[in-house]
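Could you work out the structure for the sequence below:
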Amino acid sequence: MRVEELTSAEFAKFMRKSPVAFVPFGATEAHGPHLPLGTDSLQPEALCDALADRLDGLVFPPVRYGHHSSTRNMPGTMALSYDTLRSLTKDILESLERNGVSRAVIVSGHAGSLHLAALRDAAEDFVRRSPMRLMVLTDYDIAYRYPLPEEKDWPDGHGGIVETSRILAIRPDLVKDKRPRGLFQDKRFMIVANPETCMPEGMVGDATKASAELGGKVNAFILDRLAELVERNLME
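From the prediction side, this is the model:
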């Protein structure tokens, strides 16, 4: 159930059940020539819808902007600063609290290290002064635990087999038929002005091996394990 589809009265009635609030944080970011810019938004939004359906929760409006480093200069990437993302997260958490939310899960489809740090920074500061029970994670904390055959030549990453497969399962109409293979070129601790050169193909992994069948399995794997975590940490 999505909050933006409810009336104010319907929302207030549903909040009497003290539901778990799911807040999808996505991004608008380049994912190679084969995936849509909204890849990191489609995944957490679909996951939060499924979680809310299973656990009788509420899905709050998504955030489709994030903080980016390696893809910042690529066409279509729309970036927030660290401080802006942190402040936005803080404001959303305070708004949830004002509306009576006592249990919440932020699920980020973007797994950039500074992006996640901004979310967690805001969340840690918030819980120091709020009784809200709060989880913050990216679905890729779980996705990459799915057992894939080891691929030494094409290690999986941004826009690779897992991510492409998941979008094939969620929105196959947005995935291009021609899919690349890409390697990450490590700069070995160098801070560079053109980090996009680390991903010459705009992605990492072998997207040619992606399939909707695999994506469905990975999505189900994430849903089951995250539902277990939410039940254990927020519903017992």
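
list the contacts for the residue nearest the centre of the chain?
What sits nearest the mean C-alpha location of the chain, by C-alpha atoms, centre = their mean, is Gly109, with 1.2 Å. If you count contacts by C-beta atoms under 8 Å, 6 or more residues apart in numbering, Gly109 has them with 24-27, 39-45, 138-140. C-beta coordinates here come from the backbone N, C-alpha and C atoms, glycine included.

per-residue confidence for it?
According to the model's per-residue confidence, Gly109 sits at a pLDDT of 98.

Next, the buried residues of the longest helix that the chain contains.
The longest helix of the chain (DSSP state H) is helix 212-234. By neighbour count, and taking 16 or more other C-beta atoms under 10 Å as the criterion, the buried residues in helix 212-234 are 212, 214-215, 218-219, 222-223, 225-227, 230, 234.

Let me see the ranges of the helices in this protein.
With DSSP H as the criterion, the chain has helices at 8-15, 39-55, 82-98, 113-127, 140-143, 161-170, 212-234.

Could I get the buried residue list for the first one?
Put plainly, it is helix 8-15. 11, 14-15.

What of the fourth one?
By neighbour count, and taking 16+ other C-beta under 10 Å as the criterion, the buried residues in helix 113-127 are 115-116, 118-123, 126.

which outside residues touch it?
25, 27, 66-69, 82-83, 85-87, 89-90, 93-94, 106, 108, 110, 132, 134, 136, 138.

Narrow those residues to just the buried residues.
Using 16+ other C-beta under 10 Å as the threshold, 25, 27, 66-68, 85-86, 89-90, 93, 106, 108, 110, 132, 134, 136, 138 are the buried ones among the contacts of helix 113-127.

Contacts only, for Ala21.
Contact partners of Ala21, counting by C-beta under 8 Å, 6+ apart, are 57-58, 60, 96, 101, 103-105.

Mind doing that once more with 6 Å?
58, 60, 96, 101, 104 (C-beta atoms under 6 Å, 6 or more residues apart in numbering).

Redo those as JSON lines? Include distance to His158 and pLDDT.
Below are the contacts of Ala21 laid out as JSON lines (distance: C-beta to C-beta, whole Å; pLDDT from 0 to 100):
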{"residue": "Leu58", "distance to His158": "30", "pLDDT": "98"}
{"residue": "Phe60", "distance to His158": "26", "pLDDT": "98"}
{"residue": "Leu96", "distance to His158": "30", "pLDDT": "98"}
{"residue": "Val101", "distance to His158": "32", "pLDDT": "98"}
{"residue": "Ala104", "distance to His158": "27", "pLDDT": "98"}
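
For these, give me TSV that also has neighbour count and distance to Trp154.
As requested, those are arranged in TSV below (neighbours: other C-beta atoms under 10 Å; distance: C-beta to C-beta, whole Å):
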residue	neighbour count	distance to Trp154
Leu58	24	40
Phe60	22	37
Leu96	22	41
Val101	21	42
Ala104	25	37
